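Student: The following block contains a protein sequence and its predicted model.
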Amino acid sequence: MTPDAGRVLERIEEIFSLAPGPNGGASRPAFSGAEARAMLLVAGWAREAGLEAAVDPHGNLWCLPTGEAPCVTGGSHVDTVPDGGRYDGPLGTVLAVEAAVRTGGNRGVLVCAAEEASRFGAGTLGSRTMTGKISEEDLSRLRDSGGRDALSARSVYLDALGDLPRLERAPLERISSHVEVHVEQRADLRREGLSLGVATAVAGPVRHRLRFFGEVAHAGETPATERRDALCAAAETVLLAEKLGRDYAPVTTATAGTLDIHPNSLTSIPGSAEVGVDIRGVLPGGARLLLGELLRGAREAADGRGVRLEDDPLSEAEPTEMDGAMVSAVEEACGRLGVRCGRCASFAGHDAQHLAAVAPAALVFVASENGVSHAPGEAVAEEDLGAALGVLCALVEGLQSGRTPQTLRGRR
């Protein structure tokens, strides 16, 4: 292990130990005190690297050189899902700090806040508010399980950052290009013998809520022919989502991820059932196409059982095509260093897809050893971590020197 890779692993463990989860993982929810503590750790490391650390009004941590010159930034996030793993977020963040130490020049670190969706039902809040994709009014409508809205939670989180200098606005004009490194969230790269993957597209998620209303009745005394069972209609819809996910693969996924039943009694026929559906596609319009077919099937299931269906959109986004020149730059850096790399698509959302609206951005994945994601068992081989560090440094140096062709996109 190189000393630099060793320090990356040590710092990842330091972040991991800040807020232990109940089952061996880490719990740093979005806009929480634990996320703030992790941000402060990173800010301290960035200062040691000669960068100035400050937080913008959206809660994102900026670590930049003195002055106003544009910089190549790297970074990811530091919040987690409940009882999450050690690499999701901190891997890319700590690698960016280490690359800043090794490369020097006009380089920086950008750590976006509230990336995970587990607390408020929506993710990438810091990068999306920063780039104008969602508003503070949108944040005020997002609530966690305790009823706290995301806007007020962000205020508490900002207070927890203490004396960290505040920026009046996010200095997006200082990003010449951005690279986010992230742990792979499946096991494809390892199976293909690759150390790294570079995303050509990030899926756009469409999330929908379906509510079925039947009639509560006695489980023993109500004949099968007279039942208006909301759960059975919902169950048909869940199985249809599974079928459509297979039919539309590999460019679209469908998941029925939540189910709420009333009265949720063993001796009662369910009078209402609510299903939350997550659909993701890497082709424009693909997720909406699957949703349309799912809603038609859900209505047929409801009508066939005398059940009423209501459906509500929760969120919708189109897929993001990543910058082609940045994809090529990653591949060129891998080629120079002899690192095996392949192209892929990401079905999980990442901050890089939103930063791509304001500057050329790359999303690079480090091979997972086991395909475990959002859980304590996340694992990365030391040699792949070292390869990622070498490629990130080469990429940052190349982008700074202008050896890598790039065309800046319009800025907000």
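Tutor: Looks like it arrived, so ask away. Numbering: from 1, shown residues only.
Student: which residue sits closest to Val277, ignoring its sequence neighbours?
Tutor: Distances taken as CB to CB, 6 or more residues apart in numbering put His208 closest to Val277, at 4.9 Å, once the chain neighbours are dropped. Where C-beta positions appear, they are placed from N, C-alpha and C, glycine not excepted.
Student: Would you agree the one you found falls within a helix?
Tutor: No. Counting by DSSP: H, G, I helix; E, B strand; the rest coil, His208 falls outside a helix, being strand.
Student: Quickly list what His315 is bridged to.
Tutor: You called it His, but residue 315 is Ser. Arg207 (DSSP bridges).
Student: list the contacts for it?
Tutor: Residues counted as contacts of Ser315 (CB atoms under 8 Å, 6 or more residues apart in numbering) are 122, 205-207.
Student: from those residues, which single one is nearest Cys334?
Tutor: Checking these against Cys334 with CB to CB, the nearest one is Pro205 at 28.8 Å.
Student: Count the neighbours of the nearest residue to that closest one once chain neighbours are set aside for me.
Tutor: Using CB to CB, 6+ apart and skipping the chain neighbours, the partner closest in space to Pro205 is Arg280 (4.8 Å). By other CB atoms under 10 Å, the residues close to Arg280 number 26.
Student: what packs against the helix or strand containing Arg280?
Tutor: Assigned by DSSP states H and E, Arg280 falls within strand 272-281. If contacts are counted by 3 or more CB pairs under 8 Å, 6 or more residues apart in numbering; DSSP states H and E, strand 272-281 sits against strand 204-213, helix 230-248, strand 252-262, helix 286-304.
Student: if we can go back for a sec, widest-spaced pair of the contacts of Ser315?
Tutor: Among the contacts of Ser315, Ala122 and Val206 lie farthest apart (CB to CB), at 12.8 Å.
Student: Let's have the contacts of Ser315 in a markdown table, adding neighbour count.
Tutor: Listed next are those as a markdown table, based on neighbours: other CB atoms under 10 Å:
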| residue | neighbour count |
| --- | --- |
| Ala122 | 22 |
| Pro205 | 23 |
| Val206 | 24 |
| Arg207 | 22 |
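Student: returning to what we had before: quick check, the residue nearest to Pro205 in contact with Gly204.
Tutor: Yes. The criterion here is CB atoms under 8 Å, and Arg280 meets it with Gly204 at 7.0 Å.
Student: Show me the contact partners of the strand holding Arg280.
Tutor: Contacts of strand 272-281 (CB under 8 Å, 6+ apart): 203-214, 230-231, 233-234, 237-238, 241, 248, 251-262, 287, 289-291, 294, 314, 319, 347.
Student: are any of these buried, and which?
Tutor: 203-208, 210-214, 230-231, 233-234, 237-238, 241, 248, 251-254, 256, 261, 287, 289-291, 294, 319, 347 (16 or more other CB atoms under 10 Å).
Student: ok so, going back, if I look at the residue nearest to Val277, how far off is Asp311?
Tutor: 6 Å (CB to CB, to the nearest Å).
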